[in-house]
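Chemist: Using only what follows, build the 3D model:
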Amino acid sequence: MTDKLINAIQEVMDIPDKDKVNLKGKFYTQVAQRVQSFRLNLGSEGRIRTEVIENNDKKVVVEATISVWYKDTGWVEVANDFAEEYRAQGPVNKTSALENCCTSAIGRALSACGLSGGEYASSFEVDNAINSKPSAPTPKPEPKAKAKAPEKPKAKEPEQEDDLGVVKQGMEEAMFMHPTLAELRDFWSVNKKNLDRMQAEEPEMHAELLGKFKTQAEELGKLEEANNG
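Modeler: The predicted structure is shown next:
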């Protein structure tokens with residue numbers, strides 16, 4: 001490992017618990033914090049790449065790879081890991097399963113090369129597993145077919161609303177993974193339903209999230225302006 005990567009690892013290790021996410025007594029450093037430390041220490045000598053392994057209407061699988069540039073040998077892979085998300089499970093996955101999966105994969109790959117800052121999984125990944133993802137149903141043997149009277153159609157149960165705290169945390173993690181201002185705005189738009197409800201039910205939470213969105217949008221705007229200029 002290069003000294004720069006070791007410095008990044010130490011920097012993440014030194015993040016106090018008060019700046020981490022507390023989930024059932026365990027502390028998790030957000031992926032955005034670890035990506036920031038990686039970039040600040042390695043700059044263009046560090047590379048984070050994601051590859052979509054599977055992406056269909058049911059499931060997304062992403063592989064993330066962390067590489068470091070060595071003067072004598074070029075790019076050297078130092079860690080990689082995978083993440084899997086199901087589109088029907090969890091509030092953020094309903095609209096942004098791919099972004100969420102990329103975030104989790106990056107978080108796990110960073111942990112694999114030492115940038116965990118506590119527990120291995122990303123905070124959103126753990127919170128989603130604890131609060132949002134139901135257990136996989138156990139297959140049951142199919143009963144033998146027999147004639148029976150047609151059943152009356154059951155009234156459709158109202159769809160359960162997403163937990164706004166989980167939505168906020170998931171969006172905070174995912175918004176930093178959008179490389180362009182247009183993609184960031186699209187990400188915000190597809191979550192409009194939950195954002196409108198958050199603004200009505202939790203205005204302070206909405207204001208905090210909106211502030212982070214605007215800050216990230218300004219940073220991307222400045223970057224694109226500099227690149228175009």
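Chemist: Flag the shaky bits of this structure, pLDDT-wise.
Modeler: The chain contains residues with pLDDT under 70 at 1-2, 117-162, 177-179, 229.
Chemist: just the strands in it please.
Modeler: Taking DSSP state E, the strands of the chain run over residues 21-23, 26-28, 46-55, 59-70, 74-86.
Chemist: With respect to residue 207, which of these lies nearest?
Modeler: When those are compared by Cβ to Cβ, strand 21-23 sits nearest residue 207, at 19.8 Å. C-betas here are computed from N, CA, C, even on glycine.
Chemist: Quick check: buried residues in the closest one?
Modeler: 21, 23 (16 or more other Cβ atoms under 10 Å).
Chemist: measure stretch 83-90 end to end?
Modeler: Terminal residues of stretch 83-90 are spaced 14 Å apart (Cα to Cα, to the nearest Å).
Chemist: hang on, the earlier thing: output the strands of the chain in CSV; the columns should cover distance to residue 190.
Modeler: Converted to CSV, those look like this (distance: least, Cβ to Cβ, whole Å):
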stretch, distance to residue 190
strand 21-23, 24
strand 26-28, 26
strand 46-55, 16
strand 59-70, 15
strand 74-86, 15
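Chemist: For residue 181, find the nearest of those strands.
Modeler: Nearest to residue 181, of all the strands of the chain, is strand 46-55, at 19.7 Å by Cβ to Cβ.
Chemist: how about the top helix by length along the chain: buried residues?
Modeler: Looking only at the chain and at elements set by DSSP state H, the helix with the highest residue count is helix 203-228. For helix 203-228, a neighbour-count test (16+ other Cβ under 10 Å) marks 206, 209, 213, 216-217, 220 as buried.
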